[in-house]
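Participant: model the following, please.
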Amino acid sequence: MKNITVIYLAILYFSSLSNYAQKAKVASADKKYDNYAYIDAIKTYERIAAKGYQSPDMFQKLGNAYFFNSELDKAANWYGQLFALTTNVDPVYYYRYAYCLRSTGDNEKANEMLKIYNEKSDNAKKGELYIQNVNFLDEIKENSGRYKVKDAGINTKYSDYGSSFYNENKLVFTSSRDTGSLGQRKHTWTDQYFTNLYEANLSGDSLKAEKVSKFSKGVKSKFHEASAIFTKDGKTMYFTRNNYLEGKKGKDDNKVTLIKLYKASFGDKDWGNVTELPFNSNNYSTAHPALSPDEKTLYFVSDMPGTLGESDIFKVSINSDGSYGSPQNLGQTINTVGKETFPFVSDENELYFASDTHSGLGGLDIFVSKINPDGTFEEVQNVGADVNSPKDDFAYLINTKNKIGFFSSNRDGGKGYDDIYQFLEVKPLCKPELSGVVKELVSAQVLSNSKVTLYDDQHKVISSVQSDSNGKYSFTNLHKKKTYSVRVEKEEYTTAEQTKTMPSDCKAELNFALEKALCKVAVGDDLGKCFGIKWIYFDLDKSNIRQEAALDLAKILDVMAEYPNMKIDIRSHTDSRASFKYNEGLSERRAKSTKDWLIKNGISPNRLTSKGYGETQLVNKCSDGVQCTEEEHQQNRRSEFIITAL
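Facilitator: Got it, this is the predicted structure:
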């Protein structure tokens, strides 16, 4: 009913009233309105600032109030006063001030602020790549220790690599074991010439690979077959082969037989119906297929037109009728000027791939990037030194349920030119998360359905969520050691924003306590709660008003000037330390000192009463003889401004 009354009043207040009925309604609403006081904190801050009171916290709040409402000229004024008072502020205020200055046309001053922002926040784009390259070994070290690695038990002195799961209990891989072709590794898709597909049984919970045999005569040719993958139903496979189909060998303009992607279907007893994919060409290579978890997207490697480097990873949609879309380059987050190859997409929608250009330990290293719902990619991370080595490491594969997987490498200590290794992931890759709780400042009640927005270090929006029923929010897939800003907005509350640099351990917390933008009070309420006033500061064992206290009392003074019928009772409390009699006298002196200050500054004495309660009204357990922290004692040293009349 009270909320309805407030809305009703707002409608009537701004209407043109022309008849008796309307006037009667207004009178009725005014009568109800008189039972409350609606205190606009921002207007109070402006009025006391106009009287000469200064505070960094107050100027920040005033600047933010206008900044968040896009009144940038007014925000610039208050941010300017903030910087005139102190430069010891969060770097984000340099950014906001610059943003506001630019909107007013003061580009020179804006550029000066942006320069300082970049220096203080350490987020300048200049030299960012250099910094990344300098620190990459530290990042790899942080990601190491995640795997237990061992020989897969199926290797030979020849080249064995590029495995995939088939029908859950088999591992299909590439090998040159029956030809003995010992061509030099080329760091390209096909490795050595004339490889064939083999399969091994995977037994037990440990997925031990054993009983190796040739995979299928139906897809074997006299040239390369490699890198086969399978749909979950086991009826379709995609694989790499030299440009050779139905006895015909294709060549490019230089008479070289390249490699292509092919598709095969499983019949009654074997694989057959081999067809090449429509985006193949005689003049560029396509290879190393991978399927998305929903099997609607095919990833592959190519040097087709549009490639950024020597070889890039592309994707293409698989339509419901079996046709294909147009290949799309995965972009600069994934692809570089060098080689990217051997993609694999896990059930958790993470893209694993090998690269010789992203910062690694040498040769090809294995990297991972989370695929976002919109198809973009998170920052690429090196999976660590357990899987990666100074040599070539590639063809990563993992069962996300039991965390067992395989990869290929030509590292020292192997049996052949390339070997297959098995691993157990014992510690998942660190996935940075920033979370927190949104509460109301005075009551500490959680605030659900608050809009929480995440910004990057250049203040661009990354994501936005709503706080849940417990006031909680979280953002995942962030980047370690990078700085973010979080802004919280809720109707009837002042917007708040904080910055946070993510730690190396991936978990960070950022909690918010929002102030009421329009505080509603009634007789019996504590006026100080509108401004978060918990106590009025006094020097130890003294009762004279300090400068910090004067600013808070100015807020009370302003509100009482706005509401001339308001009366308040000033109540001062102490903690339990010192004697009962002493605390009673001290609190009485402090309550009277607060009252005298308000009277001296224009409030009629008949509107004020005061009383000291000493230690008689403790808000917690901290009575005599009970051990408490300083913070707990401080909760009892409080000032209250109880409204006795409106």
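Participant: drop to CA atoms for contacts and neighbour counts, all remaining ones
Facilitator: Fine.
Participant: where are the low-confidence patches of the stretch 451-600 of the chain?
Facilitator: In the predicted model of the stretch 451-600 of the chain, residues 534-535, 537-546, 548 satisfy pLDDT under 70.
Participant: surely residue 94 is in contact with residue 116?
Facilitator: Yes. Look at residue 94 against residue 116 with CA atoms under 8 Å: they come within range, at 7.1 Å.
Participant: who has more neighbours, those two?
Facilitator: Counted by other CA atoms under 10 Å, residue 94 and residue 116 do not tie: residue 94 has more neighbours, with 24 against 17.
Participant: got the contact list for stretch 403-413?
Facilitator: Identification of contacts with stretch 403-413 by CA atoms under 8 Å, 6 or more residues apart in numbering yields 152, 160-163, 206-207, 387, 389-399, 416-426.
Participant: and stretch 315-327, by the same measure?
Facilitator: Residues outside stretch 315-327 that contact it (CA under 8 Å, 6+ apart) are 278, 279, 295, 296, 297, 298, 299, 300, 314, 328, 329, 330.
Participant: counting neighbours, which of these comes out on top?
Facilitator: residue 314 (26 neighbours).
Participant: so who does the closest residue to it other than its chain neighbours touch?
Facilitator: Nearest residue to residue 314, sequence neighbours excluded (CA to CA, 6 or more residues apart in numbering): residue 329, at 4.4 Å. By CA under 8 Å, 6+ apart, residue 329 lies in contact with 306, 307, 312, 313, 314, 315.
Participant: try 10 Å this time
Facilitator: Contact analysis of residue 329 by CA atoms under 10 Å, 6 or more residues apart in numbering lists 299-302, 304-308, 312-316, 335.
Participant: how about residue 328?
Facilitator: Residue 328 touches 299, 306, 307, 313, 314, 315, 316, 317, counting by CA under 10 Å, 6+ apart.
Participant: tell me the pLDDT of it.
Facilitator: At residue 328, the model reports a pLDDT of 97.
Participant: what's across from the closest residue to residue 169 other than its chain neighbours in the sheet?
Facilitator: Spatial nearest neighbour of residue 169, chain neighbours left out: residue 202 (5.0 Å); criterion: CA to CA, 6+ apart. Counting by DSSP bridges, residue 202 forms beta bridges with residue 209.
Participant: any idea how far residue 202 is from residue 404?
Facilitator: From residue 202 over to residue 404 the distance is 11 Å, taken as CA to CA, to the nearest Å.
Participant: now do residue 473
Facilitator: From residue 473 across to residue 404, the span is 32 Å (CA to CA).
Participant: ok, residue 638 next?
Facilitator: In terms of CA to CA, residue 638 sits 59 Å off from residue 404.
Participant: list the contacts of the nearest residue to residue 516 once chain neighbours are set aside.
Facilitator: Nearest residue to residue 516 in three dimensions, chain neighbours excluded: residue 493, at 4.4 Å (CA to CA, 6+ apart). By CA under 10 Å, 6+ apart, residue 493 lies in contact with 440, 441, 450, 513, 514, 515, 516, 517, 518, 519.
Participant: ok, how many other residues are close to the nearest residue to residue 56 once chain neighbours are set aside?
Facilitator: Distance criterion CA to CA, 6+ apart; nearest residue to residue 56, sequence neighbours excluded, is residue 82 at 5.7 Å. Counted by other CA under 10 Å, the residues lying close to residue 82 total 25.
Participant: now do the SS call for residue 82.
Facilitator: Judged by DSSP: H, G, I helix; E, B strand; the rest coil, the three-state class of residue 82 is helix.
Participant: contacting residues for it?
Facilitator: 54-63, 76, 88-89, 93, 97.
Participant: still on that earlier bit, just read off the phi/psi values of the residue nearest to residue 314.
Facilitator: Main-chain torsions, residue 329, degrees, to the nearest 10: phi -70, psi 140.
Participant: if I look at it, how far off is residue 379?
Facilitator: Distance from residue 329 to residue 379, by CA to CA: 17 Å.
Participant: thinking again about what came up before, greatest separation within the contacts of residue 493: which pair is it?
Facilitator: The largest separation in these, counting by CA to CA, is between 450 and 519 at 18.0 Å.
Participant: more neighbours: the two, which one.
Facilitator: Neighbour count, other CA under 10 Å: between residue 450 and residue 519, residue 450 has more, with 22 against 18.
Participant: shouldn't that one be in contact with residue 490?
Facilitator: Yes. Assessed by CA atoms under 10 Å, residue 450 is found in contact with residue 490 at 5.0 Å.
Participant: give me the common contacts of those two.
Facilitator: Listed as contacting both residue 450 and residue 490 by CA under 10 Å, 6+ apart are residue 466.
Participant: hang on, residue 265 in a strand?
Facilitator: Yes. Residue 265 sits within a strand when classified using three-state DSSP.
Participant: tell me the secondary structure at residue 315.
Facilitator: Taken by three-state DSSP, the conformation at residue 315 corresponds to strand.
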